[in-house]
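K.L.:
Please work out how this folds:
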Amino acid sequence: MAAPKPQRTPEEVEDIIIRKIFLVSITQATAAAAAADSRIVYLELTAAEILSEGKDLRLSRDCMERVLIDRLSGDFPADESLFHYLLGCYRRAHDEAKKIGNMKDKTLRSEMESVVRQAKKLCVNYCRIHLANPELFPSRSPPAVNSPLMPLIFAEVGGGGVFGGGGGGGAKAPPGFLEEFFRDPDFDSLDRILKGLYEELRGSVMKVSALGNFQDSLRALLYLVRFPVGAKSLVNHEWWIPKGVYINGRAMEMTSILGPFLHVSALPDEAFFKGEPDVGQQCFSDASTRRSADLLSSFTTIKTVMNNLYDGLSEVLLILLKSADTRENVLEYLAKVININASRAHLQVDPITCASSGTFVTLSAVMLRLCEPFLDANLTKRDKIDTKYVHYSNRLKLSGLTALHASSEEVTEWLDSKNPATTGVTNQYNDDQKRLQQSQEASSSGSNNAVLNLGLLKAFSDFKHLVQDISRCEDALSTLKAMQERSPTRQVEMDIKRLEKEMETYSQDKLCYEAQILRDNTLIQNALSFYRLMIVWLVGLVGGFKMPLPPTCPMEFATMPEHFVEDGMELLIFASRIPKALDGVVLDEFMNFIIMFMASPEFIKNPYLRAKMVEVLNCWMPRRSGSTATATLFEGHQLSLEYLVRNLLKLYVDIEFTGSHTQIAKEEEKGVYLNFLNFLINDSIYLLDESLNKILEIKELEAEMSNTAEWERRPVQERQERTRLFHSQENIIRIDMKLANEDVSMLAFTSEQIIAPFLLPEMVERVASMLNYFLLQLVGPQRRSLSLKDPEKYEFRPKHLLKQIVHIYVHLARGDTNSIFPSAISKDGRSYNDQASFAAADVLHRIGEDGRIIQEFIQLGAKAKVAASEAMDAEATLGEIPDEFLDPIQYTLMKDPVILPSSRITVDRPVIQRHLLSDSSDPFNRSHLTVDMLIPDDELKARIEEFVKSQEMKKNEALNLQSTKTTIHTTNGEMLID
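P.N.:
A predicted model of the protein is given here:
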């Protein structure tokens, strides 16, 4: 029977474990036994020190650090760096810990576990010391360019990374090593190491596009900031907010730690700063020849990787914002990025001094994710947004922006009166404390609005301009190809190739925008949710969603930056044109806001901003082809039913009156509608007149170009200029005719529903003149000069236009109970033609118009002819009219004279009322004038009526006398014959 194996003492076990972990020996016997393992080194110095102390040659926890220092300081042949040696020690300690867990003796197991823990801690500590101060220990290995920690971090977060290594093999850190390495609360010992890691991560994503490998670096960044010391080191890095005289938006994008991460994008950028691989070239080159499935796959890939970027960066910022130690640094960074890139709001952006659109779109998406807690369906946290933050923030420069209603002087005065500094030191301290606690909530209103204004909204604007550039390029290309067909030249061929190359670039850029923004419904809907919050919050400053509005605008509302509202409207317009972008979005608050403020210049001063609200409504209007998601906003919405039409009319008139002294809000609804009608007529005349004149010009150009021999003799530059002019005129005609058609359709509709305003004394002659002018142009002698080869191309539909004009005539004739309309038609000395009605009737017969309409129109023409004859007789009856009875503007006999209060000149009431519809000033001295200021001149009116009566009596007496003479003469004649 074999003898039992001798039991080792705890000291012997401890010695064995330490030797295994550190791969060392202090006795010749163990060194010889381990000769087969070249990694084990004999620590002669340590052995001598132990012997000099009179101790046994065994390793213990008491000398463990001495052993490690001797091993690290000695000049031993090594196949691995000091860091990897220490890493191996930690791994071997981990392996020994697993073996120790199987020991049956609890006391021994507990002691050995303590030994292993101490060994691990020493390994980690000396890893930190070595990486922070590599010169302390000699090394035969060349110094590493990158930190050896980086491959371990990449392996830990699940990626191979750009620094080599991968998920397996020696590159993977032993379990617990990295966490123990970065968990040390001693900031100074880790700060230098972490700063080096952040610089490497920044460099790894420099000029990387959405298709590049940024995700490993992003995961590594997120891994590091989860450690408190990692977060603190990041925001204290000198490149967190780079300093320097020459730092601008672009420099900060390239040099700050987060800048290159934010720059990762699919959007186009300047060639020098563009990320690789080139997204446009790789995904969208020759897009017209690619399969739709390939394009769709590219769209999906880009959207997915960009959302991964947004998620990662938002988590990084959220971790930093949650910590009191790093929050202020993050808000300072965001403010710096916003302020230094403020010129991105300009129409022209300098790409050398401003950060890229990609950076700001990414930042927009990240900020929206940070706002998600405030964007619940009921917006329950809106009261946490501090209204004072917009003006009193010492970070964002918002107070200098154009306000909704207050002037810059009014804003300054109001801020001075409300400045928290004037309320006492204690209150100021409390306010600062509260603002510190709610900095994240506050930034949601200030920073988010600013970032979206410079980012997502600016990108929408850039995309719109890109589409316009593509359209212009297509027109120019079409023109050049037409020229090349008629008269080929080398120069034109080169221009065509150049434009085709530009078109390819434009096409790629457009698809990049579509991939990252237009097809990301989550991004757009998050932005809509944020602006819904802003709208509800702003309305809360005026008392909530209720009409009528307060009599005066609260300064809290009046002083808010105008772009808060403008950006929301721009986003709604853009989103309304993207399929399914509005699906599931709550629009009721937006609709309420638009109805409340579009006709309220006392709250939102800028008429063009209020006009933009109508553009939103136009996008939401239900079209004829079935119901839409927005139809209920018009059909069953309480404020829509009660206020929409009247506020639209008020806004229309307000915009037309921009620049005058009128106060439209004080007009009665009748006056507002008359103003609306007057401006609609003005628009119609202007647009149709412009269109018809342009048609004549374009026909001349067509004639020039069709004469090939003469055309080719002209210089190339002249031909190009004339061709460009031709296409420019085509576009103008198309736009003007489209608008003119809309105006005439509106007149046809309103004249059927609401007739009385058209027949008022101040309106009826104006309406008749417009209709006569249109009719004469369409069926008069010059109509043949308006014939075009392809009228539909220019939205020119003369037959339909004629039908609309005739319908307006008939509608007004039907409601004309006092027979004043025929007289108004015949009084138009410029365009009235008694044969026009017959010519129009002939055309209407040929195009199949309703016979009853034609008959009523002919009857109206006959009445107008009779009225013209009667007017001539009346003029003859009155004879020479005294000047004092004539209106000084129209030189017609006054019927209702009134005195203008300022100039004291007497005019006819209908004439001056017609003038006031377009201009609220005295025509003789430009002083302010309204209808209620007119003074009736009853004495003059009586004299005019007496004059008319006397002239009529004279005429009747003359007629009676003539009749008597005729009778006598006839009787005498009969008698003579008899």
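
K.L.:
quick one: the closest residue to residue 223 other than its chain neighbours from residue 234, how far?
P.N.:
Excluding the flanking residues, the one nearest residue 223 by C-beta to C-beta, 6 or more residues apart in numbering is residue 157, at 5.1 Å. C-beta here means a position set from N, CA and C on the backbone, and glycine is covered the same way. Counting by C-beta to C-beta, to the nearest Å, the gap from residue 157 to residue 234 is 16 Å.

K.L.:
More neighbours: those two, which one.
P.N.:
In this view residue 157 and residue 234 are compared by other C-beta atoms under 10 Å, and residue 234 has more residues nearby, 26 against 19.

K.L.:
So that one is in contact with residue 320, correct?
P.N.:
Yes - proximity of residue 234 to residue 320 meets the contact threshold set by C-beta atoms under 8 Å, at 7.4 Å.

K.L.:
List the residues that contact residue 888.
P.N.:
Residue 888 is in contact with 905, 906, 907, counting by C-beta atoms under 8 Å, 6 or more residues apart in numbering.

K.L.:
would JSON lines of these with pLDDT be doable?
P.N.:
Formatted as JSON lines, these follow (pLDDT from 0 to 100):
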{"residue": "905", "pLDDT": "91"}
{"residue": "906", "pLDDT": "92"}
{"residue": "907", "pLDDT": "92"}
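
K.L.:
so which of those comes closest to residue 678?
P.N.:
residue 907 (17.5 Å; C-beta to C-beta).

K.L.:
The closest one - that's part of a strand, no?
P.N.:
Yes - under DSSP: H, G, I helix; E, B strand; the rest coil, residue 907 sits within a strand.

K.L.:
show me the contacts for it.
P.N.:
Counted by C-beta under 8 Å, 6+ apart, residue 907 has contacts 887, 888, 889, 894, 897, 898, 900.

K.L.:
Can you say which of those residues are buried?
P.N.:
Listed as buried from the contacts of residue 907 are 887, 894, 897, 898, 900; burial here means 16 or more other C-beta atoms under 10 Å.

K.L.:
Strands - which of these land there?
P.N.:
Of those, the ones assigned to strands by DSSP state E are 897, 898.

K.L.:
and which of the buried ones among the contacts of residue 907 is nearest residue 780?
P.N.:
residue 887 (29.0 Å).

K.L.:
before we move on, back to that, for the buried ones among the contacts of residue 907, work out which two are farthest apart.
P.N.:
Among the buried ones among the contacts of residue 907, 894 and 900 lie farthest apart (C-beta to C-beta), at 13.1 Å.

K.L.:
Now for those two: what residues contact both?
P.N.:
Taking C-beta under 8 Å, 6+ apart as the contact rule, residue 894 and residue 900 both touch 906, 907.

K.L.:
Spell out which residues sit in contact with residue 763, please.
P.N.:
Residue 763 sits next to 674, 677, 678, 757, 914 when contact means C-beta under 8 Å, 6+ apart.

K.L.:
by contact count, what packs against the helix or strand hosting the last one?
P.N.:
This means residue 914. Assessed by DSSP states H and E, residue 914 sits inside helix 909-918. Under the contact definition 3 or more C-beta pairs under 8 Å, 6 or more residues apart in numbering; DSSP states H and E, helix 909-918 sits against helix 669-706, helix 761-779, strand 897-899.

K.L.:
And the helix or strand just after the longest one, how far out from the chain middle?
P.N.:
In the C-terminal direction, the helix or strand that comes right after helix 669-706 (DSSP H and E) is helix 708-713. Using C-alpha atoms, centre = their mean, to the nearest Å, we find the averaged C-alpha position of helix 708-713 to lie 48 Å away from the chain's own average C-alpha position.

K.L.:
For helix 708-713, list the C-alpha coordinates in CSV.
P.N.:
Extracted as CSV, the C-alpha positions of helix 708-713 are listed here (Å, rounded to 0.1, in the frame of the first residue of the first chain):
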residue,chain,number,x,y,z
THR,A,708,-32.1,78.7,-87.7
ALA,A,709,-30.0,80.5,-90.2
GLU,A,710,-30.2,83.9,-88.5
TRP,A,711,-29.9,82.2,-85.0
GLU,A,712,-26.7,80.4,-85.9
ARG,A,713,-25.1,83.6,-87.1
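
K.L.:
for it, which positions count as buried?
P.N.:
residue 711.

K.L.:
Heading C-terminal from it, find the next helix or strand.
P.N.:
Taking DSSP H and E, what comes next after helix 708-713 is helix 716-753.

K.L.:
Look up how far residue 789 lies from residue 703.
P.N.:
12 Å.

K.L.:
Which of these two has more residues huddled nearby?
P.N.:
Between residue 703 and residue 789, counted using other C-beta under 10 Å, the more crowded position is residue 703 (10 against 7).

K.L.:
circling back: please identify which of the contacts of residue 888 is nearest to residue 384.
P.N.:
Within those, proximity to residue 384 (C-beta to C-beta) peaks at residue 907, which comes in at 60.5 Å.
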